[in-house]
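S.K.: Here is a sequence together with a model predicted from it:
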Amino acid sequence: MKTVICTVAAFALLSALPAVAGPAAVAPAATPFHVGKLSLASISDARFEMPNDGKVFGVDAGPAAVADVLKAAHAPTDPIVLSVDALLVRDGARVVLIDTGLGPKAGGALMASLKLAGITPDQVTDVLITHVHPDHIGGLLDAGGQPAFPKARVRMSSADWTFLQGQADMAAMVKAIAPQVSAFEPGAQVTPSITAVAIPGHTPGHVGYQIVSGKDRLFDIGDTAHSSIISLAKPDWTMGFDGDAAAARTSRRATLTELAGDHERVFAPHFPYPGVGTIAASGDGFVWQPAKLTAAPAGKKKHKP
Ligand SMILES: [Zn+2]
C-alpha cells in the first residue's frame, strides 16, 4: 500500500453509525498467526445483523440487486451479517491493539478474547484506531466508563480526533481518553513495524495500518470494505456508513485494486471471523479468499508479550 493524500470532505453532519439491527453477542475467540517474525491474533468482539433494506449496502442499487449479489455467492440474502473484530500485534516489546470493538456496554467480547490470547489490559502499550466509529472505539472504555487500557497510548489520525471531539454525544469518551491520545498525520510510522495509511472517505481521517516484518506484510483495511461479498463484488456501490460516499468509493476501488495486484494479506475487521485473507480481482470487482487459520483453544494462555 502507498500513502495517499487525504482530502478534506464534508463530514459535518456525520455523527455515529446509522442505526442498525444488532449487535449480537459472540463467543470469545482469538486466532493466532504470524507476519514475518511478528505474532498476531484476530480478536473477536461481536456481530452485526443488518436488514437488507437498501439503507446501508447498495444504497443506490436497492435490496433486490444486493440480494442477487449475495445469492451468487451462495450467502443468505437477509439479514446481512458482519463480524466486528480487532487485531492484536506483538511488535517487539510493544503490545499493540488495532481497534477495540463495541465495548462492554454493548456486550462486546473483546476483553475475554484478549484473555484467550494471553493478554491482560494493562499489558497493552499502544491502541491504534482506524477511525472513530463506535464499533472501533467503544472498547476504549470499561463498563464503568474508565480507560480500558490504562497504560496504553491511544493513536488515531488528527482529523478523526478532531471529528470525535466535535460530537456532543461522545463528550464522556473524549474526556476519559484525552490524556492517552496521541494523534498523528497519516503516513506516520506508529510503532516499529506499523505505518498508518490514509484511506479517505469513510470518516474524515480514516486510516489503514500497514504491518511489515522482513519481506512479509499485512494490511488492516479498517472500514474500506464492510461485506466480504457485497463490498468486493460491487465496490462502486454507495455504502450508507461512508461519510463521504464519493471519496470512499474511490478509495475502496483503489485500495482493493492495489491489494489484489500485490496479493498482499489483509485483515478486515468486518469480514467473517477471523477476517484474514487475500483479495483477488474478479470481473469488474473482487472476491475474498479467506486464509485457513485455527482459533486458539479456549482457556489456553500462552505467550507473554
Ligand atoms: Zn466499522
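M.R.: Alright, I've got the coordinates.
S.K.: who touches whichever residue of the stretch 1-150 of the chain sits closest to the ion in this structure?
M.R.: Relative to the ion, the nearest point of the stretch 1-150 of the chain is Asp135 (4.4 Å; Cβ to the ion). The C-beta positions use only the backbone N, C-alpha and C, and glycine is treated the same way. Residues counted as contacts of Asp135 (Cβ atoms under 8 Å, 6 or more residues apart in numbering) are 17, 23, 46, 48, 84, 101-102.
S.K.: Drop anything exposed from those residues.
M.R.: 23, 46, 48, 84, 101-102 (16 or more other Cβ atoms under 10 Å).
S.K.: Does Gly201 touch Ser251 like I think?
M.R.: Yes. Counting by Cβ atoms under 8 Å, Gly201 touches Ser251, with 4.7 Å between them.
S.K.: Can you show me the CA trace of the strand or helix carrying Asp45 as PDB?
M.R.: Assessed by DSSP states H and E, Asp45 sits inside strand 38-50. Written as PDB, here are the backbone C-alpha positions of strand 38-50 (Å, rounded to 0.1, in the frame of the first residue of the first chain):
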ATOM      1  CA  LEU A  38       5.600 -10.800  14.500                       C
ATOM      2  CA  SER A  39       2.900 -12.700  16.400                       C
ATOM      3  CA  LEU A  40      -0.600 -11.500  15.700                       C
ATOM      4  CA  ALA A  41      -4.100 -12.600  16.700                       C
ATOM      5  CA  SER A  42      -7.500 -11.800  15.300                       C
ATOM      6  CA  ILE A  43      -9.700 -10.900  18.300                       C
ATOM      7  CA  SER A  44     -13.400 -11.500  18.200                       C
ATOM      8  CA  ASP A  45     -15.800  -8.900  19.600                       C
ATOM      9  CA  ALA A  46     -19.300  -9.000  18.200                       C
ATOM     10  CA  ARG A  47     -21.500  -9.400  15.200                       C
ATOM     11  CA  PHE A  48     -23.900  -7.100  13.300                       C
ATOM     12  CA  GLU A  49     -27.100  -8.500  11.700                       C
ATOM     13  CA  MET A  50     -28.500  -5.900   9.400                       C
END
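S.K.: Now do the SS call for the residue of the chain most remote from its centre.
M.R.: Relative to the centre of the chain, the most outlying C-alpha is that of Ala64, 27.4 Å out, by Cα atoms, centre = their mean. Secondary structure, DSSP: H, G, I helix; E, B strand; the rest coil: Ala64 is helix.
S.K.: okay, Ala25: pLDDT?
M.R.: pLDDT recorded at Ala25 is 89.
S.K.: Contact partners for it?
M.R.: Ala25 touches 46-47, 107, 109, counting by Cβ under 8 Å, 6+ apart.
S.K.: Name the residues of the strand holding Asp45 that are buried.
M.R.: Applying 16+ other Cβ under 10 Å to strand 38-50 flags 38-48, 50 as buried.
S.K.: Tell me how many other residues surround the closest residue to the ion within the stretch 201-305 of the chain.
M.R.: As assessed by Cβ to the ion, the ion sits closest to Asp223 within the stretch 201-305 of the chain, at 4.4 Å. Asp223 has 26 neighbouring residues, counting by other Cβ atoms under 10 Å.
S.K.: Helix, strand, or coil at it?
M.R.: coil.
S.K.: Is there a neighbour count for the residue lying closest to it once chain neighbours are set aside? I'd like the number.
M.R.: The shortest distance from Asp223 to any non-neighbouring residue, by Cβ to Cβ, 6 or more residues apart in numbering, is to His202 (4.8 Å). Close neighbours of His202, defined as other Cβ under 10 Å, add up to 29.
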